[in-house]
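Enquirer: how would this look folded up:
(2 chains)
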Number of protein chains: 2
Amino acid sequence: MSNEKLIGIMGGVGPYAGLDLVRKIFDQTKAITDQEHLPVALLSLPDQIPDRTAFLLGQTNTNPADAICDVLMKLEQLGATVAGIPCNTAHCAPIFEAVREQLEQAHCTIRLLHMIEEVALFIAQTYPSLNNFGVLSTTGTYRTRLYPSILGQHGYNVVEPNDATQLRTHATIYHPDYGIKAQSNPVSQIAQQELIEVVKELKKNGAEAIIAGCTEIALAIPSATIADLPVIDPTLVLARALIREFRPDKLRNHNPEQPSL
Amino acid sequence: MSNEKLIGIMGGVGPYAGLDLVRKIFDQTKAITDQEHLPVALLSLPDQIPDRTAFLLGQTNTNPADAICDVLMKLEQLGATVAGIPCNTAHCAPIFEAVREQLEQAHCTIRLLHMIEEVALFIAQTYPSLNNFGVLSTTGTYRTRLYPSILGQHGYNVVEPNDATQLRTHATIYHPDYGIKAQSNPVSQIAQQELIEVVKELKKNGAEAIIAGCTEIALAIPSATIADLPVIDPTLVLARALIREFRPDKLRNHNPEQPSL
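Expert: Below is the predicted model:
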């Protein structure tokens, strides 16, 4: 068994987002017995990985890339040939490019997927007629313009929130009382209501679909639509991409009616 | 980071039960930031681990203990000091004793908890006035008398189903159409209704509480009561025991009103 290939999940960012990704891999796999499911390793070491947003906002100089690389190399030792990081903020260039560089220097051959690139591919396939997307994200992701830059390269427009609206979104994730990181199961009523208000504003400003651009938010609004806009879940997109890379024959057909989207 | 201690989960038996255990560890941990959560490694390698019930019923000679040991030793290499197996059937003596023996021979020092022993401890603390327990389990677990023998050592009585009732319970787990292993998210209406009928019968025969003695069943009936009987969830009990062994200061107070029990 020591050389069995598997899918590696760089978890802990946050812990529930790691679980959500693994669950979506299982949900999207063609399997009716335990043995037909794909081999997956989840390393959830949150105490080792500094906060991504704090680094991007300059509140700390410690780039979480170092710790992320350590975990990815452990996953490779376990047999992972492909890996994903269920955290949008970790895909911002100052972190993600440092991860890729360090992996290359260490001759790590794991295939690390880029969740936001995968979202752009998914949009092209699933919503070919839409052009304007609202993004719910942390302020770290917002300030680095992660979604506008990558979606822009694919010809899409991101409907930007103003600073006050962005603050409200960020609070639904990080607020010590009602934020999703503090209260995940179940998510607080306040966080859910605040997200609906933010979506209504983005819709008024032209958004045709919403990207749940923080893996914690995908947990808070697992519904297929919000304020009548379709919701794109990057965690689900990443789950499907990992299966596609590892065992494409095991990938279920995409069903946009599923409540998980 | 290479020597960081962590909690190891021998997953894949079945895949969703492994996720459920990790989620319950997170839920039962005192934490409001990502970094405050405990380090956990989940190895879900279902294709490597033969069906536990098939071995116990003599349908195959391959003891899943060998594969389980391999995974536990990988978890130890990752830094796991304590581990759990979220599968009741794997705790039957012909499997679990073989696992313990092989670990000892390999000088593996991981502390492997026994989920059913933990259930007996939990009952003593939480339901000191109850004596008669109904158990919902696979036919493998049923035939090896796992619960009657261990609970019996602690002075408790297990209300046994008749063979026909046991068959119905087993089908809610293994049936290729409506069984929980084939349809986990969401669990089928048929499986849920069948389980309620079985519980009503056990209650009629004297059961004062129900043990969800298959980790897949804990997923199907996450409610605190069924047919007015309290439900004991061995996955939750194991999650709390793993935290207690790893970092007792991080264990939340037990709240029997939580819907997860």
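Enquirer: all strands of chain A, in order?
Expert: Taking DSSP state E as the test, the strands found in chain A are A:6-11, A:40-44, A:80-84, A:111-112, A:132-136, A:157-159, A:209-212, A:225-226, A:229-232.
Enquirer: Of those strands, which is nearest B:Val158?
Expert: The minimum distance between B:Val158 and these falls on strand A:40-44, with 34.4 Å, by CB to CB. All C-beta atoms are positioned from the backbone trio N, CA, C, and that covers glycine.
Enquirer: Hey, what's the angle from the closest one to strand B:6-11? Just curious.
Expert: Counting by axes from the mean of the first three to the mean of the last three CA atoms, to 10 degrees, strand A:40-44 lies at 160 degrees to strand B:6-11.
Enquirer: wait, A:Val158 sits on A:Tyr147?
Expert: Yes: counting by CB atoms under 8 Å, A:Val158 does reach A:Tyr147; the two are 5.2 Å apart.
Enquirer: quick one, which of those two is more surrounded?
Expert: A:Tyr147 (25 against 22; other CB atoms under 10 Å in any protein chain shown).
Enquirer: Could I get the contacting residues of A:Leu75?
Expert: Residues near A:Leu75 by CB atoms under 8 Å, 6 or more residues apart in numbering or on different chains: A:8-10, A:41, A:43, A:83, A:110.
Enquirer: would you list these in CSV and tack on pLDDT?
Expert: Output for those, formatted as CSV (pLDDT from 0 to 100):
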residue, pLDDT
A:Gly8, 98
A:Ile9, 98
A:Met10, 98
A:Ala41, 98
A:Leu43, 98
A:Ala83, 98
A:Ile110, 97
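Enquirer: one step back: what's the closest of the strands of chain A to B:Gly14?
Expert: strand A:40-44 (12.6 Å).
Enquirer: Okay, angle between that closest one and strand A:80-84 too, please.
Expert: Using the same axes, to 10 degrees: strand A:40-44 against strand A:80-84 is 50 degrees.
Enquirer: Give me the contact list for strand A:40-44.
Expert: Outside strand A:40-44, the residues that touch it by CB under 8 Å, 6+ apart are A:6-12, A:15, A:18-19, A:22, A:25, A:71, A:74-75, A:78-80, B:15, B:22, B:37, B:39-44, B:78.
Enquirer: Could I have the CA atoms of that strand written out in CSV?
Expert: The C-alpha coordinates for strand A:40-44 follow below in CSV (Å, rounded to 0.1, in the frame of the first residue of the first chain):
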residue,chain,number,x,y,z
VAL,A,40,-7.9,11.0,-0.1
ALA,A,41,-5.6,12.4,2.5
LEU,A,42,-6.6,15.5,4.5
LEU,A,43,-4.0,17.2,6.6
SER,A,44,-5.6,19.8,8.8
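Enquirer: Now do the contacts for the residue of the stretch 151-261 of chain A found nearest chain B.
Expert: Proximity to chain B, evaluated over the stretch 151-261 of chain A using CB to the nearest CB, is greatest for A:Ala182 at 4.3 Å. A:Ala182 is in contact with A:175-176, B:32-33, counting by CB under 8 Å, 6+ apart.
Enquirer: on that earlier part again, any of the contacts of A:Leu75 buried? List them.
Expert: A:8-10, A:41, A:43, A:83, A:110 (16 or more other CB atoms under 10 Å in any protein chain shown).
Enquirer: Reformat those as JSON lines; add distance to B:Gly58.
Expert: Formatted as JSON lines, the buried ones among the contacts of A:Leu75 follow (distance: CB to CB, whole Å):
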{"residue": "A:Gly8", "distance to B:Gly58": "37"}
{"residue": "A:Ile9", "distance to B:Gly58": "37"}
{"residue": "A:Met10", "distance to B:Gly58": "42"}
{"residue": "A:Ala41", "distance to B:Gly58": "32"}
{"residue": "A:Leu43", "distance to B:Gly58": "37"}
{"residue": "A:Ala83", "distance to B:Gly58": "40"}
{"residue": "A:Ile110", "distance to B:Gly58": "42"}
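Enquirer: Distance of A:Cys214 relative to A:Gly79?
Expert: A:Cys214 sits 30 Å away from A:Gly79, going by CB to CB, to the nearest Å.
Enquirer: count of neighbours near A:Ala120?
Expert: With other CB under 10 Å as criterion, A:Ala120 counts 18.
Enquirer: Once you drop chain neighbours, what's closest to it?
Expert: Among residues not flanking A:Ala120 along the chain, A:His154 sits closest, at 4.3 Å (CB to CB, 6 or more residues apart in numbering or on different chains).
Enquirer: what's near enough to touch that neighbour?
Expert: Counted by CB under 8 Å, 6+ apart, A:His154 has contacts A:120, A:123-124.
Enquirer: of the residues you listed, closest to B:Thr139?
Expert: Out of the contacts of A:His154, the member with the shortest distance to B:Thr139 (by CB to CB) is A:Ile123, at 47.7 Å.
Enquirer: Touching, that closest one and A:Asn131? I think so.
Expert: No: with contact defined as CB under 8 Å, A:Ile123 does not count as touching A:Asn131 (9.5 Å).
Enquirer: shared neighbours of the two, which are they?
Expert: Shared contacts of A:Ile123 and A:Asn131, counting by CB under 8 Å, 6+ apart, come down to A:Tyr156.
Enquirer: neighbour count winner among the two?
Expert: Between A:Ile123 and A:Asn131, counted using other CB under 10 Å, A:Ile123 has the larger neighbour count: 20 against 14.
Enquirer: and that one, how far is that from A:Asp70?
Expert: Counting by CB to CB, the gap between A:Ile123 and A:Asp70 amounts to 33 Å.
Enquirer: Between A:Cys214 and A:Gly79, point out the one with more neighbours.
Expert: A direct count of neighbours by other CB under 10 Å for A:Cys214 and A:Gly79 places A:Cys214 higher, at 31 against 19.
Enquirer: tally of neighbours for A:Ile221?
Expert: Neighbours of A:Ile221 (other CB under 10 Å): 21.
Enquirer: same check, this time on the one 4 residues further on
Expert: The burial metric for A:Thr225, expressed as a neighbour count using other CB under 10 Å, is 13.
Enquirer: roughly how far apart are it and A:Val198?
Expert: 15 Å.
Enquirer: now swap in A:Leu6 and tell me
Expert: Applying CB to CB to A:Leu6 and A:Val198 gives a distance of 38 Å.
Enquirer: and what of A:Arg23?
Expert: From A:Arg23 to A:Val198 the distance is 25 Å (CB to CB).
Enquirer: next one: A:Leu229
Expert: 12 Å.
Enquirer: Contact partners for the residue nearest to A:Glu118 when sequence neighbours are not counted?
Expert: Nearest non-adjacent residue to A:Glu118, counting by CB to CB, 6+ apart: A:Ala241, 4.5 Å away. By CB under 8 Å, 6+ apart, A:Ala241 lies in contact with A:84, A:113, A:118, A:121.
Enquirer: which two in those residues are spaced the farthest apart?
Expert: Between any two of those (CB to CB), the greatest distance is 14.1 Å, for A:Gly84 and A:Leu121.
Enquirer: And those two? Which one has more around it.
Expert: Using other CB under 10 Å, the more surrounded residue of A:Gly84 and A:Leu121 is A:Gly84, with 27 against 12.
Enquirer: looking at it, the more buried one is touching A:Asp20, isn't it?
Expert: No: A:Gly84 lies out of contact with A:Asp20 (CB under 8 Å); the separation is 11.7 Å.
Enquirer: Would the helix or strand of chain A with the lowest mean pLDDT count as contacting chain B?
Expert: For chain A, counting by mean pLDDT, DSSP states H and E, helix A:215-220 ranks last in confidence among helices and strands (a mean of 81). No: interface with chain B: helix A:215-220 contributes nothing (CB under 8 Å from any CB of the partner chain), its closest point being 9.5 Å away.
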